[in-house]
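**Q** for reference, the sequence and a predicted model appear below.
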Amino acid sequence: MRRTPLVWVLLSALTISGLLSGSVLAASQMFPVKKGSKGVSAYLIKPTEGMAETAAGWKLITSRSYGNSALADECLTPQAKDAVCTTTSYALPQSDYVVSVLMRGQGQARLKGSAEWTAMKSPAANSYTWIEIGTVKDATEVVVEVAATGGRFFYGGILAEGQVLPIIPVDRMLERIKAGGPATVVLLGDSVTENSGGKGGGASSFEKGNPGLMLSLLQQLSGGEVGYLSHREPPAWRGVNRKEEPGKLPQIEIGGKSVYDARQELDGSKKVHLINLGKGGAASDWGWSRMSDTIIEYDYFDTKLEKAERLNTIRHGMARYKPDLVFVNFGTNDVNGVHGNWTVEDYMFHMKVLATNIQHRFGAAVVLSTPHKWTSGVHLYPHRQPRMVLALREYCRATGLAMADVYNEYAADESDGIHPRDAGHKHIADAYAKALQGQPSEPRTKARITAADLQDNGDGTVTDVKSGLMWMKEAGASKEAIAADKVAELVAAVNAEKKLGHADWRLPTRDELLGLVDPMESNPALPRGHPFTSVKEWYQSSDGSWGVDMPSGVAYTGKGAGREVHVWLVRSAKE
């Protein structure tokens, strides 16, 4: 029997009514990141887990109108100052667990059996936060006592971060698909996943987008027709201009409120299904808004309505469809400025929690996908994406989780924006197909040179004997990054000085920088055994705002690329 961890409590009519009456809606119900994440697994445990009934002196709340945590389809709040409740986890894999409590306000908690309480206080009165309270050794369950200390306090559940992550094999699901089902595959992600016929931020037609290509693959593997559902296109909504005529969309009454009805059921005549749960603008924390049986959220078409008149949309989430295999593809919006203060650690925390709990909750195999190689457009944080990719690859190697390396399918100099074109969608589908069928992903860019081609001249220069280019051995004309508009001035000063005996140093082109790259290496992506020293993270090229990120060896352009840059100078060795 599958147990139900924290976030997947099914929404009843009462809960939905609470959602509609609350001032905080799904769009702001962000999943709180835990700084200093530990371990490879992260199990979510609801606050009432292990309770036969709500603990004495506590009130159970099932509305999201009380805070900003997407975890909390339920929380507990004390009705008495000395109220204590005990949460006992479901069965966990045997491991050491770092235990944290999700809370807002002020209270205290301890591991059962501990003499010391951990005082807890959230940074903001209306924001949930994780508070670490200790570690249990070699455990198969976690038991936590939580107490009120006066004032407003909300307890949202437990996070148990362990060293063991049981993996549900993808090949088992492939066998089921090849046998003609039953099997349900879910695509969970942002607008790149959503695509849906090129609408809502999609750049390709349905047939050439990654959902359409995946549908074709599943039909080929299963030998039959595959059912397809997309939240972008409920059948009853087709032909309606949603922005101009939202009143023509189907609506239902829930708790005295009108709600747009976008719920869709699986076609019972099909044995294999593909469910597109992509959502434009989503980041990795947002994955939780698709996990419940039922979802209430604003939709994009109602922006012309006055705030007081806006209606929510009700949809079915992942729990309703009981997935067997889930492809998780986030990352694009984690680096584009929507969450500008996010780090790689934040992104990896959310991916770890999604991977752990999708497997635990649904018994579904998980494929974690690197994002597409977004190298142009409004790219505010160009270096964060490749670091995210490297971290996700390492996590999948460490755990044995299947990975669709979309990023690897792109060439190093292949330009794509926030929404991939046809070729980019093909790369995504190819990576998904390889992960599903257990095939390796090889970099599309091959190294042009080896360390043996880089001749150390013993005078502070290195010559690439294949291209005839001479590089500064110390890979930086300045110790620190400089403003892009100061680059020409720096180059002129270096040549006036005749640094290293030459007066014809210049910025390299993008292709010359990429010519040094070995895609099989990282941090930096230069040939193993190269002679260069002081290699920086980012180098400006002579091609406008283009430059190369050296930890990954990828070319980038965009607003962020030209603010502060490093300069690595080159000249022709034949001159």
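**A** Structure's in. What do you need?

**Q** tell me where the stretch 401-550 of the chain has strands.
**A** 402-404, 454-456, 461-464, 469-472, 482-483, 538-540, 547-549 (DSSP state E, counting those that start in this stretch).

**Q** tell me where the stretch 301-450 of the chain is predicted with low confidence.
**A** 301-311, 337-340, 377-382 (pLDDT under 70).

**Q** in it, which spans are helices?
**A** With DSSP state H, counting those that start in this stretch as the criterion, the stretch 301-450 of the chain has helices at 318-321, 344-362, 384-399, 406-409, 422-436.

**Q** pick the most buried one from these.
**A** Of the helices of the stretch 301-450 of the chain, the one with the most neighbours on average (mean count of other Cβ atoms under 10 Å) is helix 406-409, at a mean of 25. C-beta here means a position set from N, CA and C on the backbone, and glycine is covered the same way.

**Q** who's in contact with that helix?
**A** Contacts to helix 406-409, defined as Cβ atoms under 8 Å, 6 or more residues apart in numbering, come from residues 329, 369-373, 386, 389, 427-428, 430-432, 441-444.

**Q** before we move on, the earlier item: which one of the helices of the stretch 301-450 of the chain lies closest to residue 205?
**A** Residue 205 sits nearest to helix 422-436 of all those, at 8.1 Å, using Cβ to Cβ.

**Q** next, the angle helix 384-399 makes with that closest one.
**A** 10 degrees (axes from the mean of the first three to the mean of the last three Cα atoms, to 10 degrees).

**Q** from the chain's centroid, how far away is helix 422-436?
**A** A distance of 17 Å separates the centroid of the chain from that of helix 422-436, by Cα atoms, centre = their mean, to the nearest Å.

**Q** which parts of the protein are helices?
**A** Here the chain has its helices, by DSSP state H, at 13-21, 170-178, 191-194, 210-222, 318-321, 344-362, 384-399, 406-409, 422-436, 487-496, 510-514.

**Q** then the second one to PDB, C-alphas only?
**A** As requested, C-alpha coordinates have been extracted for helix 170-178 and formatted as PDB (Å, rounded to 0.1, in the frame of the first residue of the first chain):
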ATOM      1  CA  VAL A 170      13.300   2.800 -16.000                       C
ATOM      2  CA  ASP A 171      13.800  -0.400 -18.000                       C
ATOM      3  CA  ARG A 172      10.900  -2.000 -16.100                       C
ATOM      4  CA  MET A 173       8.600   0.700 -17.400                       C
ATOM      5  CA  LEU A 174      10.000   0.400 -20.900                       C
ATOM      6  CA  GLU A 175       9.100  -3.300 -20.900                       C
ATOM      7  CA  ARG A 176       5.600  -2.400 -19.800                       C
ATOM      8  CA  ILE A 177       5.300   0.100 -22.700                       C
ATOM      9  CA  LYS A 178       6.600  -2.400 -25.200                       C
END
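
**Q** run the chain-centre distance for that helix.
**A** Worked out by Cα atoms, centre = their mean, helix 170-178 lies 25 Å from the chain centre.

**Q** can you check stretch 461-477 too?
**A** That offset, for stretch 461-477, works out to 38 Å (Cα atoms, centre = their mean).
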